[in-house]
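[1] sequence plus the predicted model coming up.
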Amino acid sequence: MTYKAYIDNIKAKIGKDPEYFQTLAKEKRLTKYGELLAWLKADFGLGRGHANAIILYIQKPELAKMKILADQKRKTKH
């Protein structure tokens, strides 16, 4: 599954985009991997893979955005 697919699945399941989680994590002052993982699993019912996708977006948003763009480009080539 591509990174973009993880993000798209989260949007479909929960109705929220990664920016929502990023803002909420900042408000809650959650920054460490373990606390972010526990929060996403407990409050949103995300599994580890989907939670990891959101954690990447929270901790390294520029890298996450680059991965989404790369996945989009790959998809348009096929």
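    Received, thanks.
[2] how much space separates the residue nearest in space to the middle of the chain from Gly45?
    Centroid-nearest residue in the chain: Ile54, 2.0 Å away (criterion: C-alpha atoms, centre = their mean). From Ile54 across to Gly45, the span is 12 Å (C-beta to C-beta, to the nearest Å). For the C-beta atoms, the positions are set from N, CA and C on the backbone; glycine is no exception.
[3] likewise for Ile14?
    Distance of Ile14 to Gly45, given as C-beta to C-beta: 8 Å.
[4] out of the two, which sits in the busier spot?
    Ile14 (15 against 11; other C-beta atoms under 10 Å).
[5] once you drop chain neighbours, what's closest to the more buried one?
    Of all residues not flanking Ile14 in the chain, Phe44 sits nearest, at 5.9 Å (C-beta to C-beta, 6 or more residues apart in numbering).
[6] how many residues are close by the one you found?
    Using other C-beta under 10 Å, Phe44 is surrounded by 16 other residues.
[7] and the pLDDT at it?
    Note on Phe44: pLDDT of 97.
[8] re earlier: what's near enough to touch the residue nearest to the centre of the chain?
    Ile54 is in contact with Ile10, Pro18, Phe21, Leu36, Leu40, Leu46, counting by C-beta atoms under 8 Å, 6 or more residues apart in numbering.
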